[in-house]
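Peer 1: For reference, the sequence and a predicted model appear below.
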Amino acid sequence: MQTLPGLVVTGASGRMGQMLIRTIAASDKARLAGCLERPGHAWVGRDVGECMGGGPLGVLVTDDPLEAFAQAQGVIDFTAPAATVAFAALAAQARAVHVIGTTGLEPEHIAAIEAAARHAVIVRAGNMSLGVNLLVRLTQKVAQALDADWDIEVVEAHHRMKVDAPSGTALMLGQAAAEGRGVTLEQAMVSGRDGITGARERGTIGFSAIRGGDVVGEHDVIFAADGERIVLRHLATDRTIFARGALKAALWGQGQKPGHYDMMDVLGL
Ligand SMILES: NC(=O)C1=CN([C@@H]2O[C@H](COP(=O)(O)OP(=O)(O)OC[C@H]3O[C@@H](n4cnc5c(N)ncnc54)[C@H](O)[C@@H]3O)[C@@H](O)[C@H]2O)C=CC1
Ligand SMILES: O=C(O)C1=N[C@H](C(=O)O)C[C@H](O)C1
């Protein structure tokens with residue numbers, strides 16, 4: 001019998017880390033090969049199942065990424081930009097598929113990830129759910145069908161602990177709207193209006209962010225014209241949707257050629 005692909009989860013104690021560990025542990029398609037946390041974190045050296053308040057899973061949390069990645073075929077990474085850039089180089093060195101869910105990446109982080117993807121398979125998306133990736137396609141199509149008489153606004157809401165704005169998903173949706181309209185997002189983007197802003201500039205794509213409570217993730221793409229409005233909406237109510245997508249990406253990546261892929265590639269959308 002062939003051994004199942006072994007996956008390492010980085011940021012093991014995080015909201016997504018714990019969800020990923022549960023999803024992999026329950027899967028019959030992959031096995032949990034390692035769990036990583038920051039040096040000095042209270043979970044390091046302990047069984048991850050017990051840290052999460054359940055029975056032992058037989059995997060000790062480590063703070064050594066090289067040692068963990070060397071044992072694995074895939075790394076699933078929902079952490080923070082600087083950590084993700086470091087993990088991209090190390091996962092490439094270990095020839096492990098690197099699935100990146102981390103958001104808030106700046107152009108220099110993305111350039112470093114592109115460099116690592118010359119030698120390894122990287123799948124990166126600001127949102128790993130099927131629903132959002134489908135919404136991205138729909139947004140592109142609607143934007144393509146409408147002219148600039150239709151103002152485009154992306155509105156997102158997330159829990160109070162989220163550290164980046166606009167969300168990775170909002171940026172994916174904005175990018176899709178820009179592509180549909182035949183402009184670049186850099187040109188069109190207006191984010192976080194405040195004060196005497198003046199009237200809305202025709203053709204811009206606006207972004208607004210709400211932060212509060214335990215909201216998992218909500219995104220509206222609004223197309224507003226005189227006398228009518230179209231609202232495309234995705235509501236996430238459970239983080240398993242992201243974990244399932246990330247697991248699918250890690251399995252899909254096995255045997256692919258080195259490159260920087262996204263969830264559209266994985267889902268065939
Ligand atoms: N692409 C997607 O579908 C989704 C992306 N996200 C993104 O994933 C990221 C994490 O989100 P949450 O789990 O809510 O955050 P969180 O703050 O709960 O977890 C982050 C974890 O990463 C760990 N970490 C940070 N630096 C590290 C390092 N150098 N080594 C090892 N561990 C390290 C932290 O200790 C923490 O446990 C965010 O960027 C968020 O936007 C979240 C949900 C879905
Ligand atoms: O930080 C989160 O929680 C989420 N982040 C991703 C984003 O930035 O869009 C995906 C999801 O919305 C949850």
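Peer 2: Looks like it arrived, so ask away. Ligands and ions are numbered 1, 2, ... in the order given.

Peer 1: V123 in helix, strand or coil?
Peer 2: strand (DSSP: H, G, I helix; E, B strand; the rest coil).

Peer 1: What pLDDT does the model give the most far-flung residue of the chain relative to its centre?
Peer 2: Ranking residues of the chain by C-alpha distance from their mean position (CA atoms, centre = their mean) puts G227 at the top, at 35.6 Å. G227 carries a pLDDT value of 98.

Peer 1: got it, and V8?
Peer 2: pLDDT, V8: 98.

Peer 1: What helix or strand is G40 located in?
Peer 2: Applying DSSP states H and E as the criterion places G40 outside every helix and strand.

Peer 1: and it, what is it in contact with?
Peer 2: Going by CB atoms under 8 Å, 6 or more residues apart in numbering, G40 touches D63. C-beta: built from backbone N, CA, C; applies to glycine.

Peer 1: how far away is it from I110?
Peer 2: 28 Å (CB to CB, to the nearest Å).

Peer 1: Could you tell me which residues of the stretch 1-150 of the chain lie near ligand 1?
Peer 2: Within the stretch 1-150 of the chain, the positions lying close to ligand 1 (CB under 6 Å from any ligand atom) are 10-11, 13-17, 36-38, 41, 78-80, 83, 101-104, 125-128.

Peer 1: For H219, grab the count of nearby residues.
Peer 2: 26 (other CB atoms under 10 Å).

Peer 1: That one belongs to a strand, doesn't it?
Peer 2: Yes: if the criterion is three-state DSSP, then H219 is within a strand.

Peer 1: Was I right to think it contacts A209?
Peer 2: No: H219 is beyond contact range of A209, at 10.5 Å (criterion: CB atoms under 8 Å).

Peer 1: sec struct for the closest residue in space to A145 that isn't next to it in sequence, please.
Peer 2: Computed as CB to CB, 6 or more residues apart in numbering, the closest residue to A145 that is not its neighbour in sequence is G180, at 7.9 Å. Of the three states, G180 takes helix under three-state DSSP.
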